[in-house]
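Student: 3D, please:
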Amino acid sequence: MTDMRFIASATYDSSDPLTLPQMAVLERAVAKVVLLGEQVGVSTDQMIFLLNSGLTVGELLEYLAMRAGNAA
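Tutor: Below is the predicted model:
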């Protein structure tokens, strides 16, 4: 959770490349989202489609959490 707060609170200029620690944090976060998606029956391709359709990352996480709650 600390890693997510770091990314969310960091100011980021998209013209600057990510540092190695930032890239590592981002990779771990994405891997966790993909794993959660798999656990609740949402494929990586489906998540990409949802994001490309206008869902924000926060909304995608809420959707996956809702599906996880329904699966329990």
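Student: which strands or helices does the longest helix along the chain pack on?
Tutor: The single longest helix within the chain, with elements called by DSSP state H, is helix 20-39. Counting contacts by 3 or more CB pairs under 8 Å, 6 or more residues apart in numbering; DSSP states H and E, helix 20-39 is packed against helix 2-9, helix 44-52, helix 57-71. Glycine gets a C-beta too; all of them are placed from N, C-alpha and C.
Student: what's the closest of these to Ser15?
Tutor: helix 2-9 (17.4 Å; CB to CB).
Student: average pLDDT for the closest one?
Tutor: Helix 2-9 shows a mean pLDDT of 52.
Student: give me the low-pLDDT residue ranges for the protein?
Tutor: Counting by pLDDT under 70, the chain has low-confidence residues at 1-13, 71-72.
Student: please identify the buried residues of the longest helix of the chain?
Tutor: 22, 25, 33, 36-37 (16 or more other CB atoms under 10 Å).
Student: could these go into JSON lines alongside distance to Phe49?
Tutor: Formatted as JSON lines, the buried residues of helix 20-39 follow (distance: CB to CB, whole Å):
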{"residue": "Gln22", "distance to Phe49": "26"}
{"residue": "Val25", "distance to Phe49": "25"}
{"residue": "Val33", "distance to Phe49": "14"}
{"residue": "Leu36", "distance to Phe49": "17"}
{"residue": "Gly37", "distance to Phe49": "12"}
